[in-house]
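A.B. asks: Here is the input, now give the coordinates:
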Amino acid sequence: MGLQNKSPNPTSELHREMRRIHTGKIREIPMKSCDRLEEALLQCHRRMPEGPARRSGCRHLNKAFAECVVAEACPEESEAVRSLCSSGGTSLKRKQCEYAQLSLSLCLSRHQREFEQR
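C.D. replies: Numbers count the residues shown, from 1 in each chain. Sure thing, here's the model as predicted:
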C-alpha cells in the first residue's frame, strides 16, 4: 500500500485556464511597475542613432520592458511559463511548459482583442 504519485493533468489544467479566460472579466492592465523601464528604453532610443548600435545598446532594456508588460498583463500565465519552461526536464514538465506557453498566448490574445475593439 504505497502512496500513489498523482501528477497534475496538464490537459485539465489547460481546460480550466481556457474556461477562466472565456468567462472571466478582462481586467485593465496597470503598467505603473513598468514605467521606469519604459522611460529608460525611451531615453536609450533618444541617445542612440537608429541602426545596429541602437538595437544592440538598447536590447537589454527592450527585453526587460517587454517581459514586464507581459508579466503585468498576464501575471499567473507569465509566472507559469517562467517556472515550467526555465530548464529541460521530464516529458511531463515539457508538456506542462507547452500548455503554460499556450495559456500565456491565449491571455495575450485576449488583451489584444480587447484593445482592438476599443
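A.B. asks: remind me which residues of the protein are low pLDDT?
C.D. replies: Counting by pLDDT under 70, the low-confidence segments of the chain come to 1-32.
A.B. asks: Can you tell me the centre-most residue of it?
C.D. replies: In the chain, the C-alpha closest to the average C-alpha coordinate belongs to Ser78, at a distance of 3.5 Å (C-alpha atoms, centre = their mean).
A.B. asks: Which helix or strand contains the nearest residue to that residue once chain neighbours are set aside?
C.D. replies: The spatially closest residue to Ser78, leaving aside those adjacent along the chain, is Ala71, at 4.4 Å (C-beta to C-beta, 6 or more residues apart in numbering). The C-beta positions use only the backbone N, C-alpha and C, and glycine is treated the same way. Applying DSSP states H and E as the criterion places Ala71 in helix 52-73.
A.B. asks: Now that helix: buried residues?
C.D. replies: Going by neighbour count (16 or more other C-beta atoms under 10 Å), the buried part of helix 52-73 is 58, 61-62, 65, 68-71, 73.
A.B. asks: From those residues, pick the one nearest Cys44.
C.D. replies: Cys58 (4.0 Å; C-beta to C-beta).
A.B. asks: buried set for the strand or helix carrying Gln43?
C.D. replies: Assessed by DSSP H and E, Gln43 sits inside helix 35-47. With burial defined by 16+ other C-beta under 10 Å, the residues of helix 35-47 counted as buried are 37, 41, 44.
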